[in-house]
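Asker: Here is a sequence together with a model predicted from it:
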Amino acid sequence: MSDVVILGAGLIGLTQALTLAAHDLRIIVVDRADPADLLDPRQDARVSAINSASWKMFEAIGLTDELAPHGCPINQIIINDGLKPGRLDFTPDESDGPLGNMLENGLLRRVLFAAAQADRRIELIMSSQVNSVERTEYGVSLVLDSGDTIRAPLLIAADGRGSAMREQAGIVMAKWQYDHSAIICTVAHEQPHGNTAYEIFYPSGPFAILPMRDNDAGQHQSAIVWTVARKDGPALAKISARAFQAELMKKSGGFLGEMSILSDRATYPLGFHHSADLTAERLALVGDAGHGIHPIAGQGLNLGLRDVAALTECLVDGARSGLDLGDAQILARYDRWRGLDNLMVSAATDILTRLFGLPGDTSSAIRRMGIGLVQRIPPLKSQFMAEARGESGDLPKLLMGDLV
């Protein structure tokens, strides 16, 4: 019998396993994926901006030495409404360190998986389906397709947007689809990016240029996350490389010089979902199982990592108090801690998406006025920077770089 069973060996599920194992809890992770497929970089072309608070958590559990050589520090964020005059820039003091680090999702997954494999307190059960789950006041019991039965006091669902456990628990969820798709690729460019992330807002959606390390050939490179109308996504992803590069130059204004595509182009439909509750009897939802937002602010993965840090603290504190790990008091604390923050970030992201999607010169003028106000008011700008770092609000200890 383990202390906790986690469904899902994605970025959030593996991080949750490692944070709990770092506090000497015994974890079983179950996933239906074959490890070779899970670790295939072609399965996930996305990149993530790991904000400075999330990076501190990775440091606390001993992963940053492995991650740092592959990541690109983000030393500045610049925001524009189209290519019009006026911009908002977030530039921290050197003593504060970078705002975050850009990492390829595939690389992060491989590091997390290897760390979980090497940890004696974590058992990975891969290529395995869950046939049935029973949650009672006495514990959780899972029957796998192998016929094996797993028991634990608590089940953590990290099984993504289509979470079967969320549905089984009858947790109500608000959801809708945006009329957007994201096109993602890696490009080389003539000029160095200066460790700067650029986000240029157009009515059709944001166009982000995210800094990456120079490649082995010495080329300057960045990740492109281009939000387009849903109907245009598949066509734009399939046009010739030359035509696509011309579109990139048009959207970026060419300030990084000529661009050339280095990777395949992947498209992802974008949507919103938010669960009314993050817990049920002996069940906790983390990451996309509980919420999913538009990538306009680049906070989706970080929001899930905040769940991980908070749930870890609740469970470790509960265990030290002698409570059953599935105790309703522990789960209620987690739900209160993360519920409001998730709702506020989700709502703010949705409002931003709609605000920056309004067409017309008047809308653009209002947006640029707002950008100008934030740029000129230091306390307001500092608050936005703290949000970008993930260092605002009631932070779990892990997000401050400390074990619980």
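Answerer: In hand now; what should we look at?
Asker: which regions of the stretch 201-350 of the chain sit below the pLDDT cut-off?
Answerer: 296-298 (pLDDT under 70).
Asker: Helices of that one, residue ranges please.
Answerer: Assigned by DSSP state H, counting those that start in this stretch, the stretch 201-350 of the chain shows helices spanning 233-238, 241-252, 300-320, 328-356.
Asker: Let me have these in TSV, adding mean neighbour count as columns.
Answerer: To be clear about C-beta, it is placed using only N, CA and C from the backbone, and glycine gets the same treatment. As requested, those are arranged in TSV below (neighbours: other CB atoms under 10 Å):
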stretch	mean neighbour count
helix 233-238	15
helix 241-252	15
helix 300-320	24
helix 328-356	17
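Asker: Please produce TSV containing those helices, extended by distance to H180.
Answerer: Formatted as TSV, those follow (distance: least, CB to CB, whole Å):
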stretch	distance to H180
helix 233-238	8
helix 241-252	15
helix 300-320	14
helix 328-356	8
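Asker: Can you check which of those gets nearest to A388?
Answerer: helix 300-320 (9.6 Å; CB to CB).
Asker: Relative to its centre, which residue of the protein is most distant?
Answerer: For the chain, the largest distance from the centre (CA atoms, centre = their mean) belongs to G147, which lies 34.0 Å off.
Asker: List the contacts of that one.
Answerer: For G147, the contact set (CB atoms under 8 Å, 6 or more residues apart in numbering) is empty.
Asker: ok, now how distant is it from S2?
Answerer: Distance from G147 to S2, counting by CB to CB, to the nearest Å: 18 Å.
Asker: now do I293
Answerer: From I293 to S2 the distance is 31 Å (CB to CB).
Asker: Map the structural domains onto the sequence of the chain.
Answerer: For the chain, automatic domain parsing gives the domain ranges 4-74+100-175+271-355, 185-268.
Asker: Count residues in the vicinity of the nearest residue to E258 once chain neighbours are set aside, would you?
Answerer: Leaving aside its sequence neighbours, E258 sits nearest to E190 (CB to CB, 6 or more residues apart in numbering; 5.3 Å). E190 has 12 neighbouring residues, counting by other CB atoms under 10 Å.
Asker: Enumerate every residue touching E190.
Answerer: H220, L256, G257, E258.
Asker: and of these, the nearest to A208?
Answerer: L256 (12.9 Å).
Asker: Show the contacting residues for that closest one.
Answerer: Neighbouring residues of L256 by CB under 8 Å, 6+ apart: H189, E190, Q191, H193, I209, H220, S222.
Asker: For ChimeraX, write the selection for the buried entries among those residues.
Answerer: To isolate the buried ones among those in ChimeraX, judged by 16 or more other CB atoms under 10 Å, type:
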select :189,193,209,220,222
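Asker: Of the contacts of L256, which belong to strands?
Answerer: H189, I209, H220, S222 (DSSP state E).
Asker: which pair in the residues you listed spans the largest distance?
Answerer: Going by CB to CB, the pair spanning the ones in strands among the contacts of L256 furthest: I209 and H220, at 11.2 Å.
Asker: Would you mind listing the residues touching both of the two?
Answerer: Joint contacts of I209 and H220 (CB under 8 Å, 6+ apart) are H193, L256.
Asker: which SS class is the closest residue to Q168 other than its chain neighbours?
Answerer: In this structure, Q168 finds its nearest non-sequential neighbour in V133, 6.7 Å apart by CB to CB, 6+ apart. Put simply, V133 is strand when judged by DSSP: H, G, I helix; E, B strand; the rest coil.
Asker: Report the contact partners of V133.
Answerer: V140, S141, L142, V143, L155, M165, Q168 are the contacts of V133 under CB under 8 Å, 6+ apart.
Asker: what do you get for R151?
Answerer: M1, S2, G139, V140, S141, L142.
Asker: Give me the spatial nearest neighbour of the one residue sitting closest to the centre of the chain, chain neighbours excluded.
Answerer: Residue closest to the average C-alpha location in the chain (CA atoms, centre = their mean): L301, at 1.0 Å. In this structure, L301 finds its nearest non-sequential neighbour in S48, 4.6 Å apart by CB to CB, 6+ apart.
Asker: So which other helices or strands are in contact with the helix or strand harbouring the one you found?
Answerer: Counting by DSSP states H and E, the element that carries S48 is strand 47-51. Helices and strands touching strand 47-51, as assessed by 3 or more CB pairs under 8 Å, 6 or more residues apart in numbering; DSSP states H and E, comprise strand 100-104, helix 105-118, strand 205-212, helix 300-320.
Asker: again, 10 Å this time
Answerer: Helices and strands touching strand 47-51, as assessed by 3 or more CB pairs under 10 Å, 6 or more residues apart in numbering; DSSP states H and E, comprise helix 52-60, strand 72-74, strand 100-104, helix 105-118, strand 205-212, strand 220-229, helix 300-320, helix 378-389.
Asker: So what pairs up with E104 in the strands?
Answerer: E104 has these beta-bridge partners by DSSP bridges: V47.
Asker: Next up, the contacts around it.
Answerer: Taking CB atoms under 10 Å, 6 or more residues apart in numbering, we find E104 in contact with P41, D44, A45, R46, V47, S48, H70, G71, R110, T186, M212, A223.
Asker: export these to CSV and tack on neighbour count and distance to D394?
Answerer: Shown next, in CSV, are these (neighbours: other CB atoms under 10 Å; distance: CB to CB, whole Å):
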residue, neighbour count, distance to D394
P41, 13, 36
D44, 20, 31
A45, 19, 34
R46, 16, 29
V47, 25, 29
S48, 25, 23
H70, 16, 31
G71, 23, 27
R110, 17, 32
T186, 19, 36
M212, 23, 33
A223, 24, 31
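Asker: Can you tell me which of the residues you listed is nearest L99?
Answerer: Checking the contacts of E104 against L99 by CB to CB gives G71 as the nearest, at 12.4 Å.
Asker: so what's that closest one closest to, chain neighbours aside?
Answerer: Nearest residue to G71, sequence neighbours excluded (CB to CB, 6+ apart): N101, at 3.9 Å.
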